[in-house]
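Trainee: Here is the input, now give the coordinates:
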Amino acid sequence: MLFPSFAWRRVASGLAVALAGAVAFAAHAAEPLTLAAAVRQGVAQAPMLTAHRARIDAAREEAARAGRLPDPSLTFGLANYPVTAPGAFSLRSDGMTMRTIGVRQVIPSQAARMAERDLADAEVGAATAEHTATTQALQEQIADAWIGVWAVEQQRDLLQALRDEAALAVQVTDARLRGGAGNAVDALAARSEVALLDNRQDATQADLAAARASLERWVGPGAAERLAAPPDFSQLPVSPGRLEHDLDEQAPMQVWETREQVAQAALDQARAAKHPDWSVSASYGKRAPGLSDMVMLEVGVSLPLFTRNRQDRGISAKQAQWDAVQADHEDARRAQREAVARNLAAWQGWGRRIGRYRDTLLPLARDRASIALAAYRGGGALQPWLDARRDEIDVRLQYADALVSRARLWAALAYLLPTAEAMR
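Mentor: Numbering: from 1, shown residues only. Purely as a prediction, here's the structure:
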């Protein structure tokens, strides 16, 4: 079967696009993934942010119609229709009987319409603030997932470096055993040390696969295979003083300001209910032939006279809700101040401990293990090296844990102030 030329062109075009996409994906996958790129990609692809943007659009549409006059009503009816004798149930027996058609327009008070507009605008602000807070939380989660992969890779590399030396110890014990200077117990102990390290490495590989799965939830399959070098977790992108001072500007706190605005707008709307609403209606009455038709005009006004158990109750309820939001806002502000202070103190403390590990504890552990192995090669006992090795492994893993703890605190602090992307 022959395909027409335009069909072949479509097939060729589709193959070219697919090939170009595959090449682009391969090039993208070949690039190491930085923390900033992971956060950027994760935020761009997050379905929950799409949902938040849809809620913002919905709130804006509601705000566009808020405060407008309600639709007019079209009325039909009979006027002066007789129901008793003489002339009962007849449209022609009485000259006043007429069929009417009219229009009625309700006109809420100016205060009520302004309050409705203010409430709708406050709802838009609340939806936008929720979007900003959710974006900030997502940035922290994605950064935390990236740090999780980086942390396990650090542990893997540390254990791999120690395994090479453990394999060397096995060679030394085997050589001494063959030469008659060693014993089988030392050879078995050295092999056991290698097996224990292999077990730890296998566990680390499983942890690495799990950590990559967590990161790929945000950035897509395959993107977490290679990570770039981490940012400097010893420096925050904003100063600690600004974080402690600008509490209300931080993304988690912005929702409270908009909640206050919504509560205030609801209170204003309740107060506006004490203002009278108006209505205007006009109707045209058709009477029997030979009689003149009628036109009627009517103006109505509501009478909020008995407000004690109606409007005043609503105002009191909205006032109480506004007071509750104010108190909750203050409590959230205090909690945020505490959280920032605690995280800053912990981040700074981990920085000092990391410096001590790097400058003192790690070199001491390495030197102790090296000297113990050299002593064994010179004819000494193996047990001091085994003890030094286990201590060095513990110190290295503690150092890796310290790096991770500081990095996670960095992520918790670095994204508190919303970025331009979060504001969009």
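Trainee: Show the model's pLDDT score for the closest residue to Arg113 other than its chain neighbours.
Mentor: Among residues not flanking Arg113 along the chain, Gly67 sits closest, at 4.1 Å (CB to CB, 6 or more residues apart in numbering). In this view, the C-beta of every residue, glycine as well, is placed from N, C-alpha and C. Among the per-residue scores, Gly67 shows a pLDDT of 91.
Trainee: mind checking the SS state of Gly67?
Mentor: coil (DSSP: H, G, I helix; E, B strand; the rest coil).
Trainee: buried stuff in the helix or strand Ala63 falls within?
Mentor: Taking DSSP states H and E as the criterion, the element that holds Ala63 is helix 47-65. If you call a residue buried by 16 or more other CB atoms under 10 Å, then helix 47-65 has these buried ones: 49, 52, 55-56, 59, 62-63.
Trainee: Let me have the residues you listed in CSV, extended by distance to Ala265.
Mentor: Formatted as CSV, those follow (distance: CB to CB, whole Å):
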residue, distance to Ala265
Leu49, 26
His52, 21
Arg55, 18
Ile56, 17
Ala59, 13
Glu62, 13
Ala63, 11
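Trainee: Next, format those residues as CSV and append pLDDT and distance to Ser109.
Mentor: Below are these laid out as CSV (pLDDT from 0 to 100; distance: CB to CB, whole Å):
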residue, pLDDT, distance to Ser109
Leu49, 91, 39
His52, 91, 34
Arg55, 94, 30
Ile56, 93, 29
Ala59, 94, 24
Glu62, 93, 20
Ala63, 93, 20
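Trainee: of the residues you listed, closest to Val325?
Mentor: Ala59 (18.4 Å; CB to CB).
Trainee: surely the closest one meets Val124?
Mentor: Yes - using CB atoms under 8 Å, Ala59 is in contact with Val124, at 4.4 Å.
Trainee: how close does the spatially most distant residue from the centre of the chain get to Gly95?
Mentor: Outermost residue of the chain with respect to the C-alpha centroid, by CA atoms, centre = their mean, is Pro86; its distance is 77.3 Å. Using CB to CB, to the nearest Å, we find Pro86 at a distance of 13 Å from Gly95.
Trainee: Identify the contacts common to the two.
Mentor: By CB atoms under 8 Å, 6 or more residues apart in numbering, Pro86 and Gly95 have no common neighbours.
Trainee: need the contact list for the residue most central in space within the chain.
Mentor: With distances taken as CA atoms, centre = their mean, the chain has Thr134 as the residue nearest its mean C-alpha position (2.8 Å). Applying CB under 8 Å, 6+ apart to Thr134 gives the contacts 48-49, 52.
Trainee: buried residues in the next helix-or-strand element following the helix holding Ala63?
Mentor: On the C-terminal side of helix 47-65, the closest following helix or strand by DSSP H and E is strand 73-79. Within strand 73-79, no residue is scored as buried using 16+ other CB under 10 Å.
Trainee: Parallel or antiparallel, list what pairs with strand 73-79.
Mentor: Strand 73-79 has the following strand partners under DSSP bridges: strand 98-107 (antiparallel).
Trainee: Give me the contacts around the partner strand.
Mentor: Taking contacts as CB under 8 Å, 6+ apart, the residues outside strand 98-107 that touch it are 69-70, 72-80, 91, 277-287, 293-294, 296.
Trainee: now do 7 Å
Mentor: Contact with strand 98-107 is made by 69-70, 72-80, 277-287, 294, as judged by CB atoms under 7 Å, 6 or more residues apart in numbering.
Trainee: Who are the contact partners of Pro72?
Mentor: By CB under 7 Å, 6+ apart, the contact set of Pro72 is 103-105.
Trainee: want to try a markdown table for those residues, with pLDDT and neighbour count as columns?
Mentor: Shown next, in a markdown table, are the contacts of Pro72 (pLDDT from 0 to 100; neighbours: other CB atoms under 10 Å):
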| residue | pLDDT | neighbour count |
| --- | --- | --- |
| Val103 | 95 | 13 |
| Arg104 | 95 | 15 |
| Gln105 | 95 | 14 |
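Trainee: which among those residues gets closest to Ala263?
Mentor: For the contacts of Pro72, the minimum distance to Ala263 (CB to CB) is 31.8 Å, reached by Gln105.
Trainee: how close does that closest one sit to Gly77?
Mentor: For Gln105, the distance to Gly77 under the criterion CB to CB works out to 17 Å.
Trainee: circling back to that earlier point, report the separation between the residue nearest to the centre of the chain and Gln45.
Mentor: For Thr134 relative to Gln45 (CB to CB), the value is 14 Å.
Trainee: can you give me the strands in this protein?
Mentor: Listed from the start of the chain, the chain has strands (DSSP state E) covering 73-79, 98-107, 278-287, 294-301.
Trainee: between those strands, which one is nearest to Glu31?
Mentor: The minimum distance between Glu31 and the strands of the chain falls on strand 98-107, with 62.9 Å, by CB to CB.
Trainee: ok, back up a step: how about the strands of the chain, which one is nearest Pro230?
Mentor: Once those are compared by CB to CB, strand 98-107 is nearest, at 63.7 Å.
Trainee: Just want the angle from the closest one to strand 294-301.
Mentor: 30 degrees (axes from the mean of the first three to the mean of the last three CA atoms, to 10 degrees).
Trainee: Now do strand 98-107 against strand 278-287: the angle between them, please.
Mentor: For strand 98-107 and strand 278-287, the angle between their directions (the same axes, to 10 degrees) works out to 170 degrees.
Trainee: Using neighbour counts, pick out the buried residues of strand 98-107.
Mentor: By neighbour count, and taking 16+ other CB under 10 Å as the criterion, the buried residues in strand 98-107 are 98-100, 102, 106-107.
Trainee: could I have that strand exported to PDB, CA atoms only?
Mentor: Output for strand 98-107, consisting of C-alpha atoms alone and laid out as PDB, is shown next (Å, rounded to 0.1, in the frame of the first residue of the first chain):
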ATOM      1  CA  MET A  98     -56.300  43.200  33.800                       C
ATOM      2  CA  ARG A  99     -53.400  41.000  32.800                       C
ATOM      3  CA  THR A 100     -50.100  42.400  33.900                       C
ATOM      4  CA  ILE A 101     -46.500  42.100  32.800                       C
ATOM      5  CA  GLY A 102     -43.700  43.900  34.600                       C
ATOM      6  CA  VAL A 103     -40.000  44.200  35.500                       C
ATOM      7  CA  ARG A 104     -38.600  44.400  39.100                       C
ATOM      8  CA  GLN A 105     -35.100  45.400  40.000                       C
ATOM      9  CA  VAL A 106     -33.700  45.000  43.500                       C
ATOM     10  CA  ILE A 107     -31.000  47.600  44.400                       C
END
